[in-house]
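Novice: The sequence isn't on hand, but the structure is:
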């Protein structure tokens, strides 16, 4: 359980880093571009909530209890994150 909590904290830190980057990116978009981005994100989240690819499939098992572990920083269907 301690390892699971540690992984959860690492995931939260990674998400915070991505959120900061996303906010920086979003701030430079025009209002029209922001609307397109918002609409696309809304559609993506709707697909995920319907049992498609995404959050619901990966989070329920707390990081890989039902699938092979991913390399540090990697996400399913995405290339590994570069080393810092």
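Specialist: Sure, I can see it. Keep in mind the model is a prediction, meaning the values are calculated, not measured. Numbers count the residues shown, from 1 in each chain.

Novice: pLDDT of the longest helix seen in the chain, averaged?
Specialist: The single longest helix within the chain, with elements called by DSSP state H, is helix 2-27. Helix 2-27 comes out with an average pLDDT of 96.

Novice: which secondary structure elements does that helix contact?
Specialist: When contacts are defined as 3 or more Cβ pairs under 8 Å, 6 or more residues apart in numbering; DSSP states H and E, helix 2-27 packs onto no helix or strand at all. Just so you know, the C-beta spots here come from the backbone N, C-alpha and C atoms, and that holds for glycine as well.

Novice: Just the angle for the next helix or strand after it relative to helix 2-27, thanks.
Specialist: As assigned by DSSP states H and E, the chain's next helix or strand after helix 2-27 is helix 31-49. Per axes from the mean of the first three to the mean of the last three Cα atoms, to 10 degrees, the angle that helix 31-49 makes with helix 2-27 is 150 degrees.

Novice: Which strands and helices lie in contact with helix 31-49?
Specialist: Judged by 3+ Cβ pairs under 8 Å, 6+ apart, the packing partners of helix 31-49 are helix 55-59.

Novice: For the helix it packs on, what does the pLDDT average out to?
Specialist: Helix 55-59 comes out at a mean pLDDT of 46.

Novice: burial of residue 8, as a residue count?
Specialist: Residue 8 has 13 neighbours, counted by other Cβ atoms under 10 Å.

Novice: Could you report the separation of it from residue 15?
Specialist: Residue 8 sits 10 Å away from residue 15, going by Cβ to Cβ, to the nearest Å.

Novice: What of residue 7?
Specialist: Counting by Cβ to Cβ, the separation of residue 7 from residue 15 is 12 Å.
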